[in-house]
Every structure is written in structure tokens, then in C-alpha cells.
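K.L.:
Return a 3D structure for these sequence lines:
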Amino acid sequence: MLLHLSTWSEIEQYLQRSRSIVVPIGSNEQHGPTGLLGTDWLCPEIIAHEAHKRADILIAPTFNIGMAQHHLGFAGTISLRPSTFIAAIGDWVRSLAVHGFEKILFLNGHGGNVASIEAAFSEIYAEASFAKRRLGFAMTLCNWWDLEGVGELARAQFPEGHGAHATPSEIAITQWALPETIKTAHYTPQIAPSGPIREALDFRARFADGRMGSDPAQASRERGGALVTLAADSLVREMDRFSRETVPA
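P.N.:
So this is what the prediction gives:
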């Protein structure tokens, strides 16, 4: 079930049978010469939308702008400051909690978001802790590549040149879902260099074409489809476990 394609009364009915929701979250940033700018929000959205076809899961609209300041040296990247990102997550969560959602799972597609998402969770939990009250809802963060079995499959598909950014696994997922957007390029070197992540100009100087340790030429629709199928099934199981988590008295 997709929240943005539902009416308010349908969401009220859903809340009578479930208090859980998945929020796909990512970033709009460069992904090398062939990767789509939306890769990091498209991947969790694609996986979440496949999962909702398999089970009675509610999917929120995708939070598609993240913390990507280090990619601002490349045209098309849009970034929030960490403080803005944290505040926005807080408002999303509080909006959902007002309606009675008790288990909110963020399915993340951008490693640069992790620290800020966890900080946002800590801010929300701290509100209840300092007030000496129960919060009444719980949040959890799951990166799509950490879903059960997904990392192992990606390593088997791409034993060399997977890298850390503009990876063949994430680009394969977008190729599977959006074949009309597939692009090719000649990579030099074939496997990109690796290194630290700092500010935008430093990143651009270290990683001239935007890749980090990756060879996206290995991506294929077939490999992307296998990743999506496994990830969607794993998300259904993860959401079921989270939804069944009990609150101590």
C-alpha cells in the first residue's frame, strides 16, 4: 500500500490492522558518468515498492534529498545541511506518530545519511527521556544493502570493483527498474581509486569522475533484478520482525 496513492480514510483503516510504516530515504547526488542522480533514493524506493506487492506493508513517500555536501562539486547534486536533515526527519516522524504509527522503519540508500538519521532518532528519543515519559513509538534504520543476504549476493556478483560509491549493485537496480535510462561510458581507470570523504572540492579532486573504488560497467539488469527480489523479500521479513517487537511494561 502506498501512502501517497491512498486517501486519509484508507490510512485510518490501515491503522486499525497495522501501526507500521516504511519510509524510503536517500539522496539526489552524482553517481559517476553512468549513474543516475536519483540512484540513492531510487534504490530504496524500488525495493520498498516491490516489498509492498508481497505483503500488507504501507510505504511512505520517498524522502529523496539527503546529506550529500561532499558531492556538491558535481552538477545536479542537491544536499541538505546535517542540521536541516535532522530537523526534517524529526518532523516526518512526529507527523506519522500523531496519527498513531508506532513502528517507523527508514530504508536508507545513502551511506552519507546514516550519521544524521541516527542523530535525528537520538534527538527524538531524548525528548521523551528528559521529560521522563514513554515516547509511544519506535524508529529503526536499515540500509538496503544490509538487508538479509543482499550484501552477500552483491559480493558474489561483483567480487572486484564493487567499491563504495557509484557501485555496480546500486546502478544495476536502477537499470532493472528503469531500462530506458541505461547509459554506458569508458572508465579510466576501470576501477576507481578509494580514499577519504571530506568537503566537495576535496572530493572532486580525489575522485574526478565521481566514482569511489567502483567499476559500474559490471552492472546489468539481470543482476539488478536478483538484488531487488532478494532485498524485497528480506524487507518483508525485517518489517515483520520490527512490527512484532514488544514494548516492556
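
K.L.:
From Trp145, how far off is the nearest residue to Glu199 once chain neighbours are set aside?
P.N.:
Distances taken as Cβ to Cβ, 6 or more residues apart in numbering put His70 closest to Glu199, at 6.4 Å, once the chain neighbours are dropped. To be clear about C-beta, it is placed using only N, CA and C from the backbone, and glycine gets the same treatment. Distance, His70 to Trp145, by Cβ to Cβ, to the nearest Å: 19 Å.

K.L.:
And Asp215, by the same measure?
P.N.:
Counting by Cβ to Cβ, the gap from Asp215 to Trp145 is 17 Å.

K.L.:
Report the contact partners of Ile197.
P.N.:
Residues in contact with Ile197 (Cβ atoms under 8 Å, 6 or more residues apart in numbering) are His70, Gly112, Phe203.

K.L.:
Surely it is in a strand?
P.N.:
No - membership of Ile197 in a strand is not supported by DSSP: H, G, I helix; E, B strand; the rest coil, which gives coil.

K.L.:
So which of the contacts of Ile197 are in strands?
P.N.:
Using DSSP state E to define strands, no part of those is located there.

K.L.:
Out of the residues you listed, the closest to Ile47 would be?
P.N.:
Of all those, Gly112 has the smallest distance to Ile47: 18.7 Å, by Cβ to Cβ.

K.L.:
Regarding the nearest residue to the closest one once chain neighbours are set aside, what is its secondary structure?
P.N.:
In space, Gly112 comes closest to Met67 once its chain neighbours are excluded; the distance is 5.3 Å by Cβ to Cβ, 6+ apart. Assigned with three-state DSSP, Met67 falls in the coil class.

K.L.:
Wait, Met67 touches Ser116, no?
P.N.:
Yes - Met67 is in contact with Ser116 according to Cβ atoms under 8 Å; the separation is 4.9 Å.

K.L.:
quick one: the residue nearest to Glu199 and Ser27, what's the gap?
P.N.:
Taken as Cβ to Cβ, the span from His70 to Ser27 is 11 Å.

K.L.:
Common neighbours of these two, please.
P.N.:
Counting by Cβ under 8 Å, 6+ apart, the shared contacts of His70 and Ser27 are Gly112.

K.L.:
quick one: which of these two has more around it?
P.N.:
Comparing His70 with Ser27 by other Cβ atoms under 10 Å, the one with more neighbours is Ser27, at 28 against 22.

K.L.:
Show the contacting residues for the spatially closest residue to the more buried one that is not a sequence neighbour.
P.N.:
Counting by Cβ to Cβ, 6+ apart, Gly66 is the residue found nearest to Ser27 once chain neighbours are left out, at 3.4 Å. Residues near Gly66 by Cβ under 8 Å, 6+ apart: 25-29, 40-41, 79-80, 85, 110, 112-113, 116.

K.L.:
With Tyr14 instead?
P.N.:
Residues near Tyr14 by Cβ under 8 Å, 6+ apart: Met1, Ser6, Leu58.

K.L.:
And the residues you listed, which is closest to Gly225?
P.N.:
Set against Gly225, the nearest of the contacts of Tyr14 by Cβ to Cβ is Met1 (23.2 Å).

K.L.:
Isn't that closest one up against Ala60?
P.N.:
No - the pair Met1 / Ala60 is not scored as a contact, 10.4 Å apart, by Cβ under 8 Å.
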